[in-house]
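Engineer: Here is the input, now give the coordinates:
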Amino acid sequence: MTRISALLLVAVMLSALYLVKTQYESRRLYTELDRAKAQAQRLETEYDRLDVERGAQATPLRVEKLAREQLHMRTISPAITQYASPDTAMVGEATASAKGQP
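Structural biologist: Numbering: from 1, shown residues only. The predicted structure is shown next:
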């Protein structure tokens, strides 16, 4: 009888240790999941902020202002428009091919 009792005691102790280990692992995984959810929320918030910022950067007025100031571009008008005739285009292509340019 004592042998069976000792065997059962060892079995109970092993199952208790396994239960403690399983609960510890479960808590660790839950904490890791909670951290991952918090990080996902932070990343989503930052993505939304950056998306709004990108939208603000690409407004037509801002693009036009940068084109005028940094690229020194100006709006088109009939006074500054140059028209190319088909003959002029052919001469330009012939000159470029003679120089070895595509």
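Engineer: could you point out which element follows the single longest helix found in the chain?
Structural biologist: The single longest helix within the chain, with elements called by DSSP state H, is helix 2-57. As assigned by DSSP states H and E, the chain's next helix or strand after helix 2-57 is helix 60-69.
Engineer: Any stretches of the chain with poor pLDDT?
Structural biologist: 87-102 (pLDDT under 70).
Engineer: switch to 50 and redo it
Structural biologist: 94 (pLDDT under 50).
Engineer: ok now the longest helix of the chain, how far from the chain's centre?
Structural biologist: Here the centre of helix 2-57 is set off from its chain's centre by 27 Å, with C-alpha atoms, centre = their mean, to the nearest Å.
Engineer: Who are the packing partners of it?
Structural biologist: Helices and strands touching helix 2-57, by 3 or more C-beta pairs under 8 Å, 6 or more residues apart in numbering; DSSP states H and E: there are none. Placement of C-beta: from N, CA and C, glycine included.
Engineer: now the angle between helix 60-69 and that helix, please.
Structural biologist: In terms of direction (axes from the mean of the first three to the mean of the last three C-alpha atoms, to 10 degrees), helix 2-57 departs from helix 60-69 by 60 degrees.
Engineer: which residue lies farthest from the center of the protein?
Structural biologist: M1 (67.9 Å; C-alpha atoms, centre = their mean).
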